[in-house]
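> Fold the following, please.
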Amino acid sequence: MTTELAQIIDQIVKDDDLHAQWLNTLSMMENTGARKISASENKTKVTLIQLKHAAEEARHAYYLKKQIGRLRDENLYHDYEPENLLSPFESLHYLLHLDVEISRYLKNEVHLRGDRLKFGAYLLVTYAIELRAGELYPVYQEVLIANHSKVTVKTIIAEEETHLEEMLSQMKEFFGNKMLDVAAIANKIEKRYYQKWILALEKEVNIERIELLS
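You can find the predicted model right below:
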């Protein structure tokens with residue numbers, strides 16, 4: 001899957017318009033993550049790590065959007081409307097559907113309710129996404145270097161690695177001896193939506209490639 005991801009990203013990076021939309025798409029997904037973290041917060045019992053994660057995800061969204069200016073006018077893709085994204089349906093619903101399904105699992109199988117359900121879902125969704133980000137951003141950075149791109153995501157890579165470590169620590173404390181089981185379920189659910197996203201990206205890039213050659 002990593003080779004396939006590299007091929008898709010390489011095709012995207014070779015075209016500045018596709019690359020700008022890709023950056024905007026990643027920005028939207030990071031921003032969605034920041035909003036989901038904030039939405040999971042208890043009104044009073046908000047941890048330092050939750051605030052840190054929400055702030056850093058929002059900053060990643062801003063940083064990625066600013067990188068568009070290295071390729072095109074940074075105001076060209078000024079919002080997250082579908083026409084400004086790659087594979088908009090799958091990209092927009094990736095995290096949303098993941099959150100819904102993991103929340104349903106925690107409610108029906110782990111029997112969590114209320115704030116504990118929200119917090120448990122926050123932990124598992126963030127963990128699964130951070131694990132995926134740990135694959136995606138390094139591959140993206142390698143492709144950027146190979147293509148001598150002005151864009152870089154090195155700072156995001158370092159922060160995502162720290163996020164994953166923090167999530168694992170919190171999951172161990174919250175889920176106890178169920179941690180490995182719930183983590184495996186979260187990964188299984190996330191993999192399904194990731195594969196749908198990758199297939200949609202691959203199709204869109206191939207369509208664009210045909211149009212460019214015709």
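
> List the buried residues in the helix or strand residue 51 falls within.
Element membership of residue 51 [criterion: DSSP states H and E] is helix 48-67. Within helix 48-67, the residues that count as buried by 16 or more other Cβ atoms under 10 Å are 50, 53, 54, 56, 57, 58, 60, 61, 63, 64, 65, 67. Using the backbone N, CA and C atoms, a C-beta is placed for each residue, glycine as well.

> what comes into contact with stretch 61-71?
The contact list for stretch 61-71 (Cβ atoms under 8 Å, 6 or more residues apart in numbering) reads 16, 19-20, 23-24, 26-28, 30-31, 34, 74, 76-77, 149-153, 155-156.

> where does this structure have low pLDDT?
1, 207-214 (pLDDT under 70).

> And the strands in it, which stretches?
Shown for the chain, no strands are assigned by DSSP state E.

> if I look at the closest residue to residue 200 other than its chain neighbours, how far off is residue 29?
In this structure, residue 200 finds its nearest non-sequential neighbour in residue 87, 3.8 Å apart by Cβ to Cβ, 6 or more residues apart in numbering. The gap separating residue 87 from residue 29 is 11 Å, by Cβ to Cβ, to the nearest Å.

> ok so, going back, so which of the buried residues of helix 48-67 is the closest to residue 197?
Set against residue 197, the nearest of these by Cβ to Cβ is residue 64 (16.5 Å).

> coming back round to it: just give me how far the helix holding residue 51 sits from the chain centre.
Helix 48-67 has its C-alpha centroid displaced from the chain centroid by 12 Å (Cα atoms, centre = their mean, to the nearest Å).

> With only the CA atoms kept, save that helix in PDB.
The C-alpha coordinates for helix 48-67 follow below in PDB (Å, rounded to 0.1, in the frame of the first residue of the first chain):
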ATOM      1  CA  LEU A  48      -3.800  19.700  28.400                       C
ATOM      2  CA  ILE A  49      -3.100  17.100  25.800                       C
ATOM      3  CA  GLN A  50      -6.600  17.600  24.200                       C
ATOM      4  CA  LEU A  51      -5.900  21.300  23.900                       C
ATOM      5  CA  LYS A  52      -2.500  20.600  22.500                       C
ATOM      6  CA  HIS A  53      -3.800  18.200  19.900                       C
ATOM      7  CA  ALA A  54      -6.700  20.500  18.800                       C
ATOM      8  CA  ALA A  55      -4.300  23.500  18.500                       C
ATOM      9  CA  GLU A  56      -1.700  21.500  16.600                       C
ATOM     10  CA  GLU A  57      -4.200  19.900  14.200                       C
ATOM     11  CA  ALA A  58      -5.600  23.400  13.400                       C
ATOM     12  CA  ARG A  59      -2.000  24.700  12.900                       C
ATOM     13  CA  HIS A  60      -1.300  21.800  10.500                       C
ATOM     14  CA  ALA A  61      -4.400  22.800   8.600                       C
ATOM     15  CA  TYR A  62      -3.200  26.400   8.400                       C
ATOM     16  CA  TYR A  63       0.300  25.400   7.500                       C
ATOM     17  CA  LEU A  64      -0.800  23.100   4.600                       C
ATOM     18  CA  LYS A  65      -3.100  25.700   3.200                       C
ATOM     19  CA  LYS A  66      -0.200  28.300   3.300                       C
ATOM     20  CA  GLN A  67       2.000  25.800   1.300                       C
END
